[in-house]
Each structure stands twice: as C-alpha cells, then as structure tokens.
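1. What shape does this take:
(2 chains)
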Amino acid sequence: MLAMAVLFSFVVSRLIPGDPVALMADGQGGDPEFVRRLRQAAGVDLPVWQQFFTYGMDVLHGNLGMSWRYGGVPVATLILDAAPITFPLVIVTMIVAIPLGIGVGALSAHRARAGFDIAATIGAMVVLSIPPVVLATWLMLGATAFFGQSASGELASFADWVVPITALVMAPAALIARTTRAQVLDVMGQDYVRYARAKGLTETAIFFHHVLPNVMVAVWAIVGILAGAVLTSTAVVEIVFDLPGLGQLAIFSVLSRDYSLAGVIILIFVVFQVVISLICDLAIISLDPRTRHPQDRP
Amino acid sequence: MTSLSRGPVSWSFRTLFCLVLVILLVLIVIAGRVLPLDPFAVDLAHIWEGPTVAHPCGRDGLGRDLLARLLIGTGTSFEIVASALVLALVLGVVFGGISGWYGGWIDALIMRIIDFSMGIRELVLAIIVSIIMGPSKATLVVILGLGCSPPLIRFVRSLALVQRGQTHVLAAMALGASPFRIVITHILPNIGGSIAVRAASIVGPLVQTEVALSFLGIGVQDPAPSLGTLVRDALFGLQSGFHLIVAITVTIFLIAFTSTLMADEARDITDPRWGGRSFGESPKI
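-> Below you'll find the model as predicted:
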C-alpha cells in the first residue's frame, strides 16, 4: 500500500503538463546550455524508470527533493515547518470529537425523544448543515467580539487552539453522535442486553460491557471515513485563521503548479489516511471477534 | 415521524416543509436564470453598502449587488453538483453493474481499484485533479464526481448481485436475452429507486465539498460567483461588510438543510425500516 502511494505520487507529479525546467529557467533567458544543465541537476534527463527508482530511493532516505517554486528550498524543510500545525489540529480534533460524539449520542439514546435528545438532534442538524468554512468564520467573529483578539496566524497560546479546534470538531462530533444514537437504540433492543438485564446487571454495567463495545465498532468504521473530511476542513480552517499548515501549502503548491511539493504532500496525506484506516481496522478487530481469522478467535 | 405506517406518502409536517423548501430552491435557481441580474456590475461609489430596497442583500467590496451574486452563484453551484452527480451515477451504474453482473476477475479488479481509491479522499483527489486539469468548473465536477463514485459503485454492485439471482432475471437469461437487454429492461427498473435515494443522500455533502473547494480556489474562478467564492469574499470583507457573511450563511444553510431533509424523506418513503429514525442518519456501507 505504501509502495503504491509512492508510485502514485511519482506518476501524478510526472503526468502534469508543462515542463518544470522551462518554468525555472523562465526569466533567465533562453540559453539552451543553462536549460540542459538545470535538466541534469533536476534529474529529468534520465529515462522514466530510472527517475522512479531514484525517486523511491530518495523518499526512503528522507530526501524529498527541491521545491521548484520556492527557488530550490528543500521540500522537506517546507513540510517540517507546516506539519506541526496540521497534524496536531487533525489529531486533537479526532481525540475530542470521538468521546464528545459518543457521549452526546449515548445520552440522547438514553432518553430517546426527551428534551436532551431533541436538542441534540436539532444541534446536529444545524451543525451538519453549515460547512466548516462558514462555521470557522462565525467562530472567528465570535472570538474577536468576546476576547478582543483576532486570528494571529500562529498557535502560540491555548486560546489560539480552542477556536480552530471547535470549528473542526463540530461536524465529525455531530456525525458520530448520530451514529452512536442509532446504534445504542439498536443494540439496546438485542437479546443479549435483555439477558444481561435479567441477570441483574446494573444499567451502567450493561452499558459499558455490552452496549459500548458494539457501538464502538460502528463508530470506528466511520472514523476512517471522517479522517479524510477532517483533513479537507483543516485546509479550510488553516486558510480562515491564516495558519501556515500543510493544507495552505498544498493549495499554494496547486495554484502555483509546484508539483514536486504537491507530490510530497499527496504522499503524506495518503500515508496519513492509510495509517488512520489501519488504526480503525485494528480497533474493530480487537472489538469484534467475528472479524478475526478463525485461528485467532477466543 | 412514524407516519410511514399510514402509507407510502403521507403528508406529515416534515414532508410539507421539505416540499416548500425544495420549491424555494428551484425558484432561486430559476430566478438566477430568468431575472435580468448583473452580478458583475461594479459600483465603486457604494462599496460595502448594507441592505437597501434596491439591493435587498446589500453590496460587496466592489459595489456589486450581493443578491444577484447569490442567485447566480447558487445556480452555478447547483450546476456543478448536478453534473458531478450525473458523472458519479454513470460511473456507479456502469462499473457497479459490470462488477456485479460479470463477477470473476473483472469484479476483483474493479473492487481492488475501489479499495485503493477509498484511500484517496477529498483533499488529495482535489489536489491531484486540479494539478492535472488546472483550476476550473470542469475540474470541480471531475473531483466531486470521482470522489463520490467509489461508494456508489459498491452500492450498485451489491444491488446487481442480488438481482442476478432473482428468478425473473434467470428466466430472461433462459430465454436467451442479451446481457445488455437484461440490464436495461429487467435490472435497472428494479434498482433505479434505491440508486436514486442513495444519490439524493449525497447531494448535501456534495454541496458542502463544493463550497470548501471553491473557497480554497480550486473551483470556480473570480469574478464568477459560486457559493464557495462568495464565502471567500465574505471572509476577506469581514471587517467592512458584515451583511455578506449573514446572507451567505443563510443561503448555504437553507440549501444543505433542504438536501438533507429531502434525502431523509426520499429514504423514508422508499424504505420503511428507516421510518422512525430522524435527521441525518444514513445507512453506512
């Protein structure tokens, strides 16, 4: 899978029309000798399979190449500057959204169609109907009005984190809450819950031992899908709050056709997605014995 | 909520509400086409002007009429979403149908490709397509269409698999009907409804993705208005023109809310199992 991701990002970065060397040499006059030497330096004069081999080895060695737009700044430097903003945002969002969603969902299922349930349903409805861009903009307005601070373009203090994270957490939490609610109601009607109750277990014990693990299987299944959406909203939120993260860098690289940079960012995002899917699959396997291989079953 | 026990279409409050909203949206799109609006007329004497009688939504940073831009922008966004939906449906029916009908190695191949493409989600797909095609409306259609087709292909495949085992299909095969004929006359009419309901459920997410990507600058380009570029204008004019963000939020909320409600309604009418459930829960694949 990872090898495929490397191949993929290579193919994409070579598929793009236009000659990067011509782009770099632009403004330096059309000296053919200069262009030939640039081509040699960039390694694009070699056959394609050799280029791919070099690319693969370079990636394995952590050498991600030069940015064609930033006048030869190594891509690795740009990435290392941006990643500490994006990945904490995404990870903290998921860490907050999962328990929050499960908590709200379980509470609304606990007394379905009661006050809290209706409030949570309307809340989820509103949150899911407002795109993260708009939500982030309103939160920024609110933060400016209440705290008198505006988005500063950095994540220095705790307060700088709260607003972007809130903007990011809302939609995934709402979706997880809806799923949890439906699942809890579903599981509560199962025979094993009735037997557990007949056995004399307390409601708390039933919830934590019999209901929650079954609900978690469904939740983990959508977390993998949500991670991709959170990545997109992170890019949006980075632009709204002017945070120099990977999303901003990705958009910049696309709009300026810097495809050595875009290729690496694609690679990082795909690897991230693969890791998240792996974590979700492992979590589901540990929770649900039916998904294990026959010899591993208890 | 439990209105389904009374029949397939019952005029609950929610159905009526949903109909009113849908009619409103259709009117918005038609108004954008029919009314003599000019979303590009610059009037530098009245920039950031608040709502007035002549310009009910106010004006933006170049003095352009915001109502005109909203109406035309909504139309543009709908155009993009509708084209993307058609693209996704064609891909879904063709590949899902082939995969489910023929099975074997071609099914295995298509499923592996789907597995791989599920790993390439929204933003990554957007980056790839837009560096290949350059930012434009067509790019956005391709991104959205490709992005939502893998689950659709899987869905159609599972439906086609079920249909292949049905007796009326076996009878048609025994009579010597060609696969093409069987698919068109015996399978599609049976699975069309389920596909339409599934398609309705992805309209809302598609609108939101369109907003996000146009906002990021990948889709519709200035000065043409679309929901995403209007959000961008509103964000950068936050200090001077507060009415921009209010108007655009209301518009987007209305659209997303309607599409979710519509999808729920369509699902409830066709699938009684979901009758008692409420907003925003779609069965996951």
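2. in the stretch 151-285 of chain B, which spans are helices?
-> Here the stretch 151-285 of chain B has its helices, by DSSP state H, counting those that start in this stretch, at B:167-174, B:179-181, B:188-201, B:203-216, B:227-236, B:242-270.
3. tell me which element the residue in the stretch 151-298 of chain A that chain B sits nearest to is part of?
-> Relative to chain B, the nearest point of the stretch 151-298 of chain A is residue A:228 (2.9 Å; Cβ to the nearest Cβ). Yep, even glycine has a C-beta here, placed from its N, CA and C like the rest. Secondary structure assigned from DSSP states H and E places residue A:228 in helix A:212-240.
4. so what secondary structure elements neighbour the following helix or strand past that helix?
-> Proceeding N to C from helix A:212-240, the next assigned helix or strand is helix A:246-255, under DSSP H and E. With contacts taken as 3 or more Cβ pairs under 8 Å, 6 or more residues apart in numbering or on different chains; DSSP states H and E, helix A:246-255 sits against helix A:75-110, helix A:212-240, helix A:259-287, helix B:122-133.
5. Touching stretch B:197-208 from outside, list them.
-> A:128-129, A:131, B:77, B:81, B:84-85, B:88-89, B:144, B:148, B:152, B:155, B:227, B:252, B:255-256, B:259-260, B:262-263, B:266-267, B:270-271, B:282 (Cβ atoms under 8 Å, 6 or more residues apart in numbering or on different chains).
6. roughly how far is it from the heart of the chain?
-> Remark: stretch B:197-208 is offset 4 Å from the chain centroid, using Cα atoms, centre = their mean, to the nearest Å.
7. Leaving out sequence neighbours, find the closest residue to the residue in the stretch 101-250 of chain B that chain A sits nearest to.
-> Per Cβ to the nearest Cβ, residue B:121 is where the stretch 101-250 of chain B lies closest to chain A, at 2.9 Å. Spatial nearest neighbour of residue B:121, excluding adjacent residues (Cβ to Cβ, 6 or more residues apart in numbering or on different chains): residue A:228 at 2.9 Å.
8. Next one: residue A:220 from residue A:274, what distance?
-> Distance of residue A:220 to residue A:274, computed by Cβ to Cβ, to the nearest Å: 16 Å.
9. same thing with residue B:30?
-> According to Cβ to Cβ, residue B:30 and residue A:274 sit 45 Å apart.
10. Look at the two and report which has more neighbours.
-> Neighbours were tallied for residue B:30 and for residue A:274 using other Cβ atoms under 10 Å in any protein chain shown; the higher tally belongs to residue A:274 (15 against 12).
11. on that earlier part again, ok, which of the helices and strands packed on helix A:246-255 comes nearest residue A:135?
-> The minimum distance between residue A:135 and these falls on helix A:212-240, with 8.9 Å, by Cβ to Cβ.
12. hang on, the earlier thing: the residue nearest to residue B:121 and residue B:122 touch, don't they?
-> Yes. Using Cβ atoms under 8 Å, residue A:228 is in contact with residue B:122, at 5.3 Å.
13. Now for residue B:38: which residues touch it?
-> Residue B:38 makes contact with B:65, B:68 under the criterion Cβ under 8 Å, 6+ apart.
14. That one belongs to a helix?
-> No. Read with DSSP: H, G, I helix; E, B strand; the rest coil, residue B:38 is coil and lies in no helix.
15. what's it sitting at in phi/psi?
-> Main-chain torsions, residue B:38, degrees, to the nearest 10: phi -120, psi 100.
16. and what of the one 3 residues further on?
-> Per-residue torsions, residue B:41: phi -70, psi 110 (degrees, to the nearest 10).
17. cool, and the one 4 residues further on?
-> Residue B:45 has phi and psi values of phi -80, psi -20 when expressed as degrees, to the nearest 10.
18. Please tell me how far residue B:33 sits from residue A:94.
-> In this view, residue B:33 and residue A:94 are 43 Å apart by Cβ to Cβ.
19. Between the two, which has more neighbouring residues?
-> residue A:94 (19 against 10).
20. mind listing what that one touches?
-> A:172, A:223, A:226-227, A:230.
21. what about residue B:176, how many residues close to it?
-> The local packing of residue B:176 (other Cβ under 10 Å) involves 7 other residues.
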